[in-house]
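1. Let's see this in three dimensions:
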Amino acid sequence: MKRVSQLTLSFAVVAVSAIAFAGEDHDKFSKMDSNNDGKITAAENEQGAQKKFGKMDADKDGQLSVTEIEKTWTEKQDGQKSQVSVTKRVSTMDTDKSGTVSSSEFKQSSDDMFSKMDMNQDGSVSESEMVSAHQEMKKDMPR
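-> Below you'll find the model as predicted:
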């Protein structure tokens, strides 16, 4: 009986996490789909990336430092984002190895992500494509 209760509790935690993750994706999708046509175009993605970069660039120097990125991600993740994953993500985006992420590097990273999410290569991302891509990325995140 105790084992059944533990399994039920474990399943409930996983289910709630999945629902929360799906809800987060829906909110993100809705914000990016500016014309509400049920898909995100490359132009909408670029507009969203520019807006996000502007919010993240706290000192408005046109560069994102590890600290600025870490602050945004830890606030968003309720303090759960690990330093390892922030550093890894920054090093991936920082193609010129300057130690910061420029707006053009951020745009390129966003464009690359858009291409990966556009699973059927029709030039737009549906909500189901976004959810699937985020589930795959979540599996690859360091814990």
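2. what's the neighbour count on residue 50?
-> Neighbour count for residue 50, taken as other C-beta atoms under 10 Å: 14. For glycine as for every other residue, the C-beta is placed from the backbone atoms N, C-alpha and C.
3. quick one: contacts for the closest residue in space to residue 103 that isn't next to it in sequence?
-> Distances taken as C-beta to C-beta, 6 or more residues apart in numbering place residue 53 nearest to residue 103, at 5.5 Å, with adjacent residues excluded. Shown in contact with residue 53 (C-beta atoms under 8 Å, 6 or more residues apart in numbering): 64, 103, 106-107.
4. now swap in residue 69 and tell me
-> Neighbours of residue 69 in contact, by C-beta under 8 Å, 6+ apart: 56, 86, 89-90, 101.
5. Which of the contacts of residue 53 fall within helices?
-> In helices, judged by DSSP state H, the following of the contacts of residue 53 are found: 103, 106-107.
6. What about the residues you listed, which one has the most neighbours?
-> Among these, residue 106 has the most neighbours (other C-beta under 10 Å), with 21 neighbours.
7. That one touches residue 49, doesn't it?
-> Yes: using C-beta atoms under 8 Å, residue 106 is in contact with residue 49, at 6.4 Å.
8. so where do the helices sit in this structure?
-> With helices called from DSSP H, the chain shows them at 2-32, 42-56, 66-76, 83-93, 103-117, 127-140.
9. Pipe these into CSV and attach mean pLDDT per row.
-> Listed next are the helices of the chain as CSV, based on pLDDT from 0 to 100:
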stretch, mean pLDDT
helix 2-32, 53
helix 42-56, 95
helix 66-76, 78
helix 83-93, 78
helix 103-117, 94
helix 127-140, 84
